[in-house]
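Asks: pasting the sequence and the predicted model now:
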Amino acid sequence: MRILVIEDEHKTAEYLRKGLSEQGYSVEVAHNGEDGLHLAETGGYEAIILDGMLPRLDGVVVLERLRRNHATPVIMLTARDAVEDRLRGLGAGADDYLVKPFSFLELLARLHNVTRRNHAEQSVGVTIADLHVDLIGRRAMRGGRPLNLTAKEYGVLAVLARRRGQIVSKTILMESVWGINFDTDTNIVEVTVKRLRAKLDQVGQSRLLHTLRGMGYVLEDQNGQPT
C-alpha cells in the first residue's frame, strides 16, 4: 500500500516514513504544500497523511484542492487543538484528524480504518459526476443511460473507476484486464479505450475519460468542455 506523507518537519516526516515502512507500507514524503498537492494528484496513493500547517500552500488548502477531483483518504495532523481548527480540516474533506503529539499506534489504527472504509465503498460502486459503475453487478450507467459495454470495455472502466482521479498506465490495464503475460506490442488497449470513450463520453456530455500521452489514462470530472 502506497502512502504519501506531507509534513514540513523533517524529524516528524522521517519518523513517519520509517515507522510506516517497517509496517510494510511504501512511503513517499513531501515537505511543502505545493509538492505535496502535485504528488497527491498524480501519485495514485492509497492514503495521505497531511500536516495542517505547511509552507508554500496551507494543508487545508491542499485538501480543498485535492477534493475537487480525488477521494483519496486523508488523515490530517496538526499542532492546533482548537475545535474550530478541527472542524475546518474535517469540513475541507479530511477523513480523520490527529493532534500532535500523537501515538503512532493510534495513527496506524486510524490509517487502517480509513483505508478499509474506502475499499469497502469502492467494492460496491463508484460514482463520478453522472457516471455510476456498479462493481458488483458489473454494469455502468451515465446520466441514467445504461452503457452497453463489452466485457473488456467494462474491465477497463472498472479499473479506472477504482482508481478514479489517478493516472493508470497501459501496463496496469493490460495486466488487470487481459492478464500479466499479454503481448505488449498490440494496440488493443488503445482500441478498447477508444471504443469505451465513444460510449461513455457522448456529444453534449462532459469528458470523463482522459488520455495523458506517455503516461496513461485517468477517469475524473475535470469540468472540461463538452465532447
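Replies: In hand now; what should we look at? Bear in mind the structure is a predicted one, so any value in this text is a computation, not a measurement. Numbering: from 1, shown residues only.
Asks: quick one: the nearest residue to Ala79 once chain neighbours are set aside from Asn113, how far?
Replies: With sequence-adjacent residues excluded and distances taken as C-beta to C-beta, 6 or more residues apart in numbering, Ala79 is closest to Lys100, at 4.7 Å. The way it works is simple: take the backbone N, C-alpha and C, and place the C-beta from them, glycine included. Look at Lys100 and Asn113: by C-beta to C-beta, to the nearest Å, they are 19 Å apart.
Asks: cool, Val60 as well?
Replies: Between Val60 and Asn113 the distance is 22 Å, computed by C-beta to C-beta.
Asks: and those two? Which one has more around it.
Replies: Neighbour comparison, Val60 and Asn113: the larger count goes to Val60, with 22 against 14 (by other C-beta atoms under 10 Å).
Asks: tell me the pLDDT of the residue nearest to the more buried one when sequence neighbours are not counted.
Replies: Using C-beta to C-beta, 6+ apart and skipping residues adjacent in sequence, the residue nearest Val60 is Ala92, 4.9 Å away. Per-residue confidence at Ala92 stands at 84 (pLDDT).
Asks: try Val74
Replies: pLDDT at Val74 comes out at 94.
Asks: now do the one 3 residues further on
Replies: Reading off the confidence values, Leu77 has pLDDT 91.
Asks: and the chain, split by domain according to the record?
Replies: Following automatic domain parsing, the chain resolves into domains at 2-123, 129-219.
Asks: next one: the first one to chain centre, how far?
Replies: Mean C-alpha position of domain 2-123 versus that of the full chain (C-alpha atoms, centre = their mean, to the nearest Å) differs by 13 Å.
Asks: again, but for the last one
Replies: When distances are taken as C-alpha atoms, centre = their mean, domain 129-219 is centred 16 Å away from the chain's centroid.
Asks: just the helices in this structure please.
Replies: Counting by DSSP state H, the segments of the chain that form helices are 10-22, 33-42, 59-66, 83-91, 104-124, 151-162, 170-173, 188-200.
Asks: Val189: how many residues sit nearby?
Replies: For Val189, using other C-beta under 10 Å, the count is 22.
Asks: verify the stated contact: it with Lys170.
Replies: Yes. In terms of C-beta atoms under 8 Å, Val189 counts as a neighbour of Lys170; the distance is 5.0 Å.
Asks: list the contacts for Arg17?
Replies: By C-beta atoms under 8 Å, 6 or more residues apart in numbering, Arg17 lies in contact with Val5, Val27, Val29.
Asks: show me the contacts for the residue nearest to Ala79.
Replies: Here Lys100 is in contact with Thr12, Leu77, Thr78, Ala79 (C-beta under 8 Å, 6+ apart).
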